[in-house]
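Novice: 3D, please:
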Amino acid sequence: MSIWGVRCLAQKFIRQAYILANRRILASVPQRSPPAYAILRPAHSSLYQMVKKRTLEARTKLQANKYPNHQACVVKPSATPPNQEGEEAFVEATGVSSFANSQFQAPSAQSEPLLKVGFAESKTVCSAKDVLKSDSAKFSTSQPVLDSCKPPTNACEEFERKRKETKCQPCNEDGTAPGGSGGGDEDCECRMRDFRLKCLLGALAALLSGGLLTWFLTRGTDDSEARKAQEEEEERKRRLIAGLATSPPTSEDLPKHVPYLIVGGGTAAFSAFRAIKSNDATAKVLMISNEFRKPYMRPPLSKELWYTPNPNEDPIKDYRFKQWTGSERSLFFEPDEFFVDPENLEDSENGGIAVAQGFAVKKIDAQKRIVTLNDGYEIGYDECLIATGCAPKNLTMLRDAPPSVLEKVMVYRTPDDFDRLRRLAAEKRSITIVGNGFIGSELACSLAHYSRENNGGKVYQVFQENANMSKVLPNYLSRWTTAKMEAQGVCVIPNASIRSAVRDEANLKLELNNGMTLMSDVVVVCVGCTPNTELAGPSRLEVDRSLGGFVVNAELEARRNLYVAGDASCFFDPLLGRRRVEHHDHSVVSGRLAGENMTGAKKPYQHQSMFWSDLGPEIGYEGIGLVDSSLPTVGVFALPSDTANRVDQLSESSGDGSISASSSDTTKSDAVVSQDGVTCDPDEANNYGKGVIFYLKNDKIVGILLWNLFNRIGLARTIINQNKKYDDLNEVAKLFEIHA
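Specialist: All right, here's what the predicted structure looks like:
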């Protein structure tokens, strides 16, 4: 609607309101009794219409004759009869004729005034009684009717003043001056100029207000849309993390063919992508992961992440932690912005990596080079890598337990497991850890520290072996480690296993085979893992019967253009034979080699992978090669005084017999022979501050463990690769500078 239309409509409403208001005034006069003139109401209406008509005629006449010497301003008495004289004077002054006495009777003096008529030009207000005085009383010849209406003393001056104040007179609809006078054209032109100016100002005001209103509305809409999009994205991420949604939503959004395809989303998979990208700058890599997160590293989940204060949000968004050296980093290899959406991978000019989260592969056809997902969707590839990793084991007794018991049992491998366990520890719950391997021992130590810092609940560790890390560490060092963990607040229960688990209202009642009973809020099972080789049967791939994992050649190939890396690979080591390793370093190195071979390098895998473990910031060790406590070992430790080397001889039975290492610097007074043949005193904790342990096979060093010694793993790898016998291991230990 235009501004002119709005204005006309407003004027129409004003006129109607004015008429209705006047009618209400006439109708709202209080009447206690029926007035004498009630039967003459038609005369009232006729009077109102005639007064209105005469008023308009008088105004038209005054506008036509705008000069000051106007005859209407002069009221002259005449010699006419009183009734006629008053009537003519009234008509001459006001332009309103009188009515016949037969049509209207003046009200009595006791009645209320019938009507008040206002004249804007003369500021005169007359009552009906005064107006109709000619019918009820006689006028004198010397006083006109206007005296009874009390007009201004000088009507001409008042008219002149009003004329000057209202210079621009309103025009007719056709644009001519009112009254047909020639002088009205100037007034009409003035009026039109004012009208155009008002229209222009109104248009500008409308544009300005419309623009501001549009800006505010648009701004609000943009903000609401942005907030809505952000909320939807956060909800999608929450559903994705919770395993309720996939990314992309359906497999139909995945490309039909990719040059490089990686099955799995762990450390080996991401390391392979980096190698592919370094050799092929525009490589397009699609990673299919059954997890609902981007690739991340697992070791900090049981170590540094527990020692780093994190916000009280659940779950933690970035999973940042401080390393023991003080540097800070995230659990994820790269932020979300680093990755390409799977829908846009084919259109990406510079290539990149896209992660299909929440999808699983059912079968791989190595001959046709086609991967089939669980929903039947097929993706073709040029080169493919299997990096499915391994899955944590559970105890058979707990796995087959009733659902009420399973609610209190969990394994530990993902950030979701960390979130759940941290929430329970913050609630001061009692936690029982089953297992004494890397994850079990590290997690028990970390939970004890976290509970101690937050005044939390009790931490139990139950395992069947004699001491912590008994499959890796020598017996004397394993027992010393157990005592160290007990000092940190872990209730260690060795030589025990869970016989039964019964659920009450809140806790689990654990019956152990040694007769003990534990009440625990949750049981965390850390008893190792098994490789994910479900693809082997449908894909017709070989799996090692004793070690598990996909059997691959020296180039990590299971079939032509089909590679396997990480925990799921069973490779051939030229020095140590066929092996399967479940360490972070092996995943990094094997994934990198597989990625290079996928781009045409064709390199053999000859790397001796290493591992590390931390029992808090005080105890840390690194190992390389075949580190197995069942092998004969020789340990060399630095004494607290740093004045001599201590070599602990260990004679343990193995398939290869026993060996004896010379210890020229060892005195018998410093060692006590225990019942199990260990020539050391576990209570001498300070004697195991730093040292190196050699693992022997056929009198050759096949593994080395560096106890609280760091940045020397390269030297240990060199010694193992030499594959020779050493007459004096004490001299070899000097190469590691354990006193430095």
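Novice: can you tell me how far residue 719 sits from residue 688?
Specialist: Distance from residue 719 to residue 688, counting by Cβ to Cβ, to the nearest Å: 22 Å. For the C-beta atoms, the positions are set from N, CA and C on the backbone; glycine is no exception.
Novice: These two: who's more crowded?
Specialist: Comparing residue 719 with residue 688 by neighbour count (other Cβ atoms under 10 Å), the higher total belongs to residue 688, at 22 against 19.
Novice: That one contacts residue 637, doesn't it?
Specialist: Yes: counting by Cβ atoms under 8 Å, residue 688 touches residue 637, with 5.8 Å between them.
Novice: Quick check: neighbours shared by the two?
Specialist: Common neighbours of residue 688 and residue 637, using Cβ atoms under 8 Å, 6 or more residues apart in numbering, are residue 707.
Novice: How confident is the prediction for residue 32, by pLDDT?
Specialist: On pLDDT, residue 32 comes in at 50.
Novice: Next: residue 448.
Specialist: At residue 448, pLDDT is 93.
Novice: what comes up buried for the helix or strand hosting it?
Specialist: Using DSSP states H and E, residue 448 sits in helix 438-453. If you call a residue buried by 16 or more other Cβ atoms under 10 Å, then helix 438-453 has these buried ones: 438-451.
Novice: Worst mean pLDDT across the helices and strands of the chain, which element?
Specialist: Lowest by mean pLDDT, DSSP states H and E among the helices and strands of the chain is strand 645-648, with a mean of 36.
Novice: C-terminal to it, which secondary structure element comes first?
Specialist: Downstream of strand 645-648, the next assigned helix or strand under DSSP H and E is strand 691-697.
Novice: So what touches that next one?
Specialist: 473-474, 477, 625-628, 631-638, 646, 656, 659, 701-709, 729, 732-733, 736, 738.
Novice: Got a ChimeraX select line for the buried ones in the residues you listed?
Specialist: Selection of the buried residues among those in ChimeraX, burial being defined by 16+ other Cβ under 10 Å:
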select :473,474,477,625,626,627,631,632,633,634,635,636,637,638,646,659,701,702,703,704,705,706,707,708,709,729,732,733,736,738
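Novice: Tell me which of the contacts of strand 691-697 fall in helices.
Specialist: Assignment to helices by DSSP state H places the following of those there: 477, 729, 732-733.
Novice: Next, give me the two most distant ones among these.
Specialist: 477 and 732 (18.5 Å; Cβ to Cβ).
Novice: Okay, residue 503 and residue 578: tell me how far apart.
Specialist: For residue 503 relative to residue 578 (Cβ to Cβ), the value is 43 Å.
Novice: Residue 63 now?
Specialist: 118 Å.
Novice: who's more crowded, these two?
Specialist: Each of residue 63 and residue 578 has its neighbours counted (other Cβ under 10 Å); residue 63 has more, 19 against 14.
Novice: so where's the protein shaky on pLDDT?
Specialist: Where the chain drops to pLDDT under 70, the residues are 1-2, 21-44, 66-192, 216-224, 236-244, 310-315, 640-687.
Novice: what helices or strands is whichever helix or strand comes after the helix holding residue 448 leaning on?
Specialist: Helices and strands here follow DSSP H and E; after helix 438-453, the next one along the chain is strand 459-462. Judged by 3 or more Cβ pairs under 8 Å, 6 or more residues apart in numbering; DSSP states H and E, the packing partners of strand 459-462 are strand 431-434, helix 438-453, strand 491-493, strand 517-520.
Novice: let's see 6 Å
Specialist: Secondary-structure packing of strand 459-462 (3 or more Cβ pairs under 6 Å, 6 or more residues apart in numbering; DSSP states H and E): strand 431-434, helix 438-453, strand 491-493.
Novice: Pairing partners for that strand, with directions?
Specialist: Sheet pairing of strand 459-462 (DSSP bridges) gives strand 431-434 (parallel), strand 491-493 (parallel).
Novice: TSV for the helices and strands packed on strand 459-462, including distance to residue 590?
Specialist: Formatted as TSV, the helices and strands packed on strand 459-462 follow (distance: least, Cβ to Cβ, whole Å):
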stretch	distance to residue 590
strand 431-434	29
helix 438-453	19
strand 491-493	34
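Novice: Which of those sits closest to residue 324?
Specialist: Per Cβ to Cβ, nearest to residue 324 of the helices and strands packed on strand 459-462: helix 438-453, 12.7 Å.
Novice: ok, back up a step: what does the helix holding residue 448 rub up against?
Specialist: Residues from elsewhere that reach helix 438-453 (Cβ atoms under 6 Å, 6 or more residues apart in numbering): 302-303, 306, 425, 431, 433, 459, 461, 468-469, 485, 488-490, 526, 613, 615-616.
Novice: rerun at 8 Å
Specialist: 302-303, 306-307, 412, 421-422, 425, 428, 431, 433-434, 456-459, 461, 463, 468-469, 472, 481, 485, 488-490, 492, 524, 526-527, 611, 613-616.
Novice: do the same with stretch 400-419
Specialist: By Cβ under 8 Å, 6+ apart, stretch 400-419 touches 241, 291, 293, 296, 298, 301-302, 305, 314-316, 319, 331, 391-394, 398, 420-421, 439, 443, 501-503, 507-508, 520-526, 529.
Novice: Could you do stretch 593-604 as well?
Specialist: For stretch 593-604, using Cβ under 8 Å, 6+ apart, the contacting residues are 260, 268, 271-276, 279-280, 283, 383, 385, 387, 554-557, 561, 563-565, 605, 607.
Novice: Just the buried ones among those, please.
Specialist: 260, 268, 271-276, 280, 283, 383, 385, 387, 555-557, 561, 563-565, 605, 607.
Novice: can you tell me which of those residues are in strands?
Specialist: 260, 383, 385, 557, 563-564 (DSSP state E).
Novice: any idea which of those residues is the one closest to residue 20?
Specialist: For those, the nearest to residue 20 is residue 260 (84.1 Å; Cβ to Cβ).
Novice: Next up, the contacts around residue 421.
Specialist: Applying Cβ under 8 Å, 6+ apart, the residues contacting residue 421 are 410, 412, 431, 447, 522, 524.
Novice: Please tell me how far it sits from residue 433.
Specialist: Residue 421 is 10 Å from residue 433, by Cβ to Cβ.
Novice: Give the intersection of the neighbour lists for the two.
Specialist: 447, 524.
Novice: So what touches whichever strand or helix holds residue 353?
Specialist: Assigned by DSSP H and E, residue 353 falls within strand 352-357. Outside of strand 352-357, the residues within contact range by Cβ under 8 Å, 6+ apart are 240, 246-248, 251, 254, 265, 273, 277, 284-289, 291-295, 338-342, 344-345.
Novice: How about the helix or strand following that strand, which residues are buried there?
Specialist: Where DSSP H and E defines the elements, the next helix or strand beyond strand 352-357 is strand 361-365. Buried residues in strand 361-365, counted by 16+ other Cβ under 10 Å: 361, 363-365.
Novice: Just give the strands next to strand 361-365 in its sheet, each with its orientation.
Specialist: According to DSSP bridges, strand 361-365 has these partners: strand 370-373 (antiparallel).
Novice: Please put the alpha-carbon coordinates of the partner strand into CSV.
Specialist: Presented in CSV, the C-alpha positions along strand 370-373 are these (Å, rounded to 0.1, in the frame of the first residue of the first chain):
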residue,chain,number,x,y,z
ILE,A,370,36.0,-54.1,-4.5
VAL,A,371,35.1,-53.5,-0.9
THR,A,372,31.6,-54.3,0.3
LEU,A,373,30.1,-52.6,3.3
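Novice: Residue numbering should commence at 488 henceforth.
Specialist: Sure thing, new numbering starts at 488, so read that last one as strand 857-860.
Novice: quick one, what contacts residue 849?
Specialist: 859-861, 1022, 1025.
Novice: how about the helices in the stretch 688-837 of the chain?
Specialist: Counting by DSSP state H, counting those that start in this stretch, the segments of the stretch 688-837 of the chain that form helices are 754-766, 791-794.
Novice: Can you redo the ones you listed as TSV, where the extra columns are distance to residue 1036?
Specialist: Output for the helices of the stretch 688-837 of the chain, formatted as TSV (distance: least, Cβ to Cβ, whole Å):
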stretch	distance to residue 1036
helix 754-766	12
helix 791-794	28
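Novice: Figure out which of those helices is closest to residue 680.
Specialist: When the helices of the stretch 688-837 of the chain are ranked by proximity to residue 680 (Cβ to Cβ), helix 754-766 comes first, at 75.3 Å.
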